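A.B. asks: Sequence isn't available, so here's the structure alone:
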C-alpha cells in the first residue's frame, strides 16, 4: 500500500458517492437498518464469521468474543438507527426539512484503533447514512472487523459496497497517512498522542472528528444495599470488567465505594474477587502481552508493599495473575494495568465523590452506578458535570445504546454539514 493507491481509493469513492447521492436517503437507510439487524442476529453469517476470526486476530478468548458481541449488539437495531437519524438530523426521506439543511461530506476517512468491534461497525455505517463514502484504515489491534463490515454492506447493496474501502498500512508510512488525511472529513480514534499527530496534519478548513483516550469507572454505595444486593452488584460489575478483558473505553478501571465506616471497600472487593474467579472459568481471559503482564505484577507487588508497611490495603489475585482486585486505603489515582485488574477505592460520603473523580474527569466516559436509589438523578447530574457522557447501572456498561453521546456529542452531527435558512420567503 502506498499514498498513490490510497489516492486512487478516494477518487473511486468520490465517484461512487456521487451515484449514492442520487438515491433517496430513505432507501439507503433501509439497507443500513437491515445490515445492522443482520449483525445483531447471532446466527447471521457475518456475525459467525467475525466470531470465528476475531479471537486469533485480537487475542480475546472465543467465549469473551461471543459474550461481548451479544452484550454490545443487543441494544442496537435497524429501528433504533432510524430513530436516531430522525432525532439528530431530519426525516429519513430527505436530509432537508423546512429551513434546515444537512449534508454529508464527499468522502470520510476513518482511522480505527483498539480491538472492540462495535465502535468499528458504527464508525463505518454512520457516514454512509449521510451518503458520505468511507475509506477506513483498519486497526492494528483488529484488522478483521472493518473488512467484515465492508463485506456485509457489499452483499446487502452493491452500490454501498462500492462506497466503502478498507486499507492497511503502518502508522509510520507518511505518504499513506498524508493521502488518507486528504479526505473531506476525517474521523480518528486512538490515544491523545495519536489525536495530536493527526490534528497537526489536517488544515482547519477540513472536518476532524476526534475520539481520544477515554476510561470508565463504577461508583457504589453499599450503605444502601443488603448483603444479597451487594453480591449482585459485585457480580454485575465483574462482568463489566471481564468482557473485552477491560480493554474498551467502557470497561471500568476502578470502583469508588462510599465507605464511612472503613470496612465497605474490603467487603465489596471480596465479592468482586469471588465473581471474577467464577468468570475466569466461563469467560477465560485472552492473550496478554509481556508489558501488560509486567505492569500488573509490578502494581500488585507495590500494593503488597504498601500493605506490609501498614497501609489498609488488601490484594486479591487469581491463578497465574489472571485477575487482580486491590482494596485500596484511599482514592488516589494509580496506574491501571487493565486485563481484569480493578482497584476498589474508598470515598467518605456521596458529597466527596466529585473531588475523588476529578483527576479522571478529562478522560471520563462512562460511570456505572449501584446503590443510589432515589439519589440516582442527583448523582448523575454531578457526574455529567465532571464530563461523563454515559451513566448507567453496573452490569450494563458494555451494552451502550446506539444513541450514546460518545464524548458528549451525538453520532451524526459531527459527521455532517448543518445549515439553516433564516427568514425564508
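C.D. replies: Sure, I can see it. Please read all numbers here as calculations on a predicted model, not as lab measurements.

A.B. asks: so where do the strands sit in the stretch 51-200 of the chain?
C.D. replies: For the stretch 51-200 of the chain, applying DSSP state E, counting those that start in this stretch gives strands covering 96-97, 100-104, 108-111, 134-137, 164-167, 185-189.

A.B. asks: Redo those as JSON lines? Include mean neighbour count, distance to residue 247 and mean pLDDT.
C.D. replies: To be clear about C-beta, it is placed using only N, CA and C from the backbone, and glycine gets the same treatment. Listed next are those as JSON lines, based on neighbours: other C-beta atoms under 10 Å; distance: least, C-beta to C-beta, whole Å; pLDDT from 0 to 100:
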{"stretch": "strand 96-97", "mean neighbour count": "14", "distance to residue 247": "41", "mean pLDDT": "58"}
{"stretch": "strand 100-104", "mean neighbour count": "18", "distance to residue 247": "31", "mean pLDDT": "84"}
{"stretch": "strand 108-111", "mean neighbour count": "26", "distance to residue 247": "18", "mean pLDDT": "98"}
{"stretch": "strand 134-137", "mean neighbour count": "26", "distance to residue 247": "19", "mean pLDDT": "98"}
{"stretch": "strand 164-167", "mean neighbour count": "21", "distance to residue 247": "22", "mean pLDDT": "97"}
{"stretch": "strand 185-189", "mean neighbour count": "23", "distance to residue 247": "13", "mean pLDDT": "97"}
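
A.B. asks: and residue 385, which of those is closest to it?
C.D. replies: strand 185-189 (25.5 Å; C-beta to C-beta).

A.B. asks: The closest one - contacts with which helices or strands?
C.D. replies: Contacts defined by 3 or more C-beta pairs under 8 Å, 6 or more residues apart in numbering; DSSP states H and E place strand 185-189 against strand 108-111, helix 117-129, helix 192-199, strand 207-211.

A.B. asks: What is the burial count for residue 57?
C.D. replies: By the criterion of other C-beta atoms under 10 Å, residue 57 has 16 neighbours.

A.B. asks: is it true that it touches residue 144?
C.D. replies: Yes - using C-beta atoms under 8 Å, residue 57 is in contact with residue 144, at 4.7 Å.

A.B. asks: pull the helix or strand with minimum mean pLDDT from this protein.
C.D. replies: For the chain, using mean pLDDT, DSSP states H and E, the weakest element among its helices and strands is strand 96-97, scoring a mean of 58.

A.B. asks: Which one, of the strands of the stretch 51-200 of the chain, ends up nearest to residue 22?
C.D. replies: strand 100-104 (13.7 Å).

A.B. asks: Sheet-wise, list the partners of that closest one with their directions.
C.D. replies: Strand pairing for strand 100-104, using DSSP bridges, gives strand 96-97 (antiparallel), strand 416-420 (antiparallel).

A.B. asks: Just put those strands in CSV and tack on distance to residue 121.
C.D. replies: Converted to CSV, those look like this (distance: least, C-beta to C-beta, whole Å):
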stretch, distance to residue 121
strand 96-97, 27
strand 416-420, 19
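
A.B. asks: Which one of the ones you listed lies nearest to residue 128?
C.D. replies: Nearest to residue 128, of all those, is strand 416-420, at 12.4 Å by C-beta to C-beta.

A.B. asks: What mean pLDDT does the closest one get?
C.D. replies: Per-region confidence: strand 416-420 scores 87 on mean pLDDT.

A.B. asks: Show me where the stretch 251-400 of the chain has its strands.
C.D. replies: For the stretch 251-400 of the chain, strands defined by DSSP E, counting those that start in this stretch occupy the ranges 252-258, 314-317, 324-327, 341-347, 364-370, 390-393.

A.B. asks: a markdown table for these, including mean neighbour count, distance to residue 41 and mean pLDDT?
C.D. replies: Output for these, formatted as a markdown table (neighbours: other C-beta under 10 Å; distance: least, C-beta to C-beta, whole Å; pLDDT from 0 to 100):
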| stretch | mean neighbour count | distance to residue 41 | mean pLDDT |
| --- | --- | --- | --- |
| strand 252-258 | 24 | 29 | 98 |
| strand 314-317 | 19 | 39 | 97 |
| strand 324-327 | 25 | 36 | 98 |
| strand 341-347 | 26 | 33 | 98 |
| strand 364-370 | 25 | 26 | 98 |
| strand 390-393 | 19 | 24 | 97 |
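
A.B. asks: With distance to residue 117 added, can I get these in CSV?
C.D. replies: As requested, those are exported to CSV (distance: least, C-beta to C-beta, whole Å):
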stretch, distance to residue 117
strand 252-258, 20
strand 314-317, 29
strand 324-327, 26
strand 341-347, 23
strand 364-370, 17
strand 390-393, 18
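
A.B. asks: re earlier: of the strands paired with strand 100-104, give the one that comes closest to residue 401.
C.D. replies: The nearest among the strands paired with strand 100-104, by C-beta to C-beta, is strand 416-420 at 20.1 Å.

A.B. asks: for the strands of the stretch 51-200 of the chain, which one sits closest to residue 1?
C.D. replies: Residue 1 lies closest, by C-beta to C-beta, to one member of these: strand 164-167, at 5.8 Å.

A.B. asks: Pull up the distance across stretch 339-350, start to finish.
C.D. replies: Stretch 339-350 has an end-to-end distance of 29 Å (criterion: C-alpha to C-alpha, to the nearest Å).

A.B. asks: Same check on stretch 319-331?
C.D. replies: 27 Å.

A.B. asks: And residue 317, how far from residue 34?
C.D. replies: Distance, residue 317 to residue 34, using C-beta to C-beta, to the nearest Å: 46 Å.

A.B. asks: do the same with residue 186
C.D. replies: Between residue 186 and residue 34 the computed distance is 28 Å (C-beta to C-beta).

A.B. asks: For residue 11, give me its contacts.
C.D. replies: Residues in contact with residue 11 (C-beta atoms under 8 Å, 6 or more residues apart in numbering): none are found.

A.B. asks: go on, residue 415?
C.D. replies: So residue 415 contacts 104-105, 108, 126-127, 130, 132, 185, 187, 207, 209 (C-beta under 8 Å, 6+ apart).

A.B. asks: could those residues be laid out in JSON lines, adding distance to residue 284?
C.D. replies: What follows is these, written out as JSON lines (distance: C-beta to C-beta, whole Å):
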{"residue": "104", "distance to residue 284": "42"}
{"residue": "105", "distance to residue 284": "43"}
{"residue": "108", "distance to residue 284": "37"}
{"residue": "126", "distance to residue 284": "33"}
{"residue": "127", "distance to residue 284": "36"}
{"residue": "130", "distance to residue 284": "40"}
{"residue": "132", "distance to residue 284": "40"}
{"residue": "185", "distance to residue 284": "40"}
{"residue": "187", "distance to residue 284": "33"}
{"residue": "207", "distance to residue 284": "42"}
{"residue": "209", "distance to residue 284": "36"}
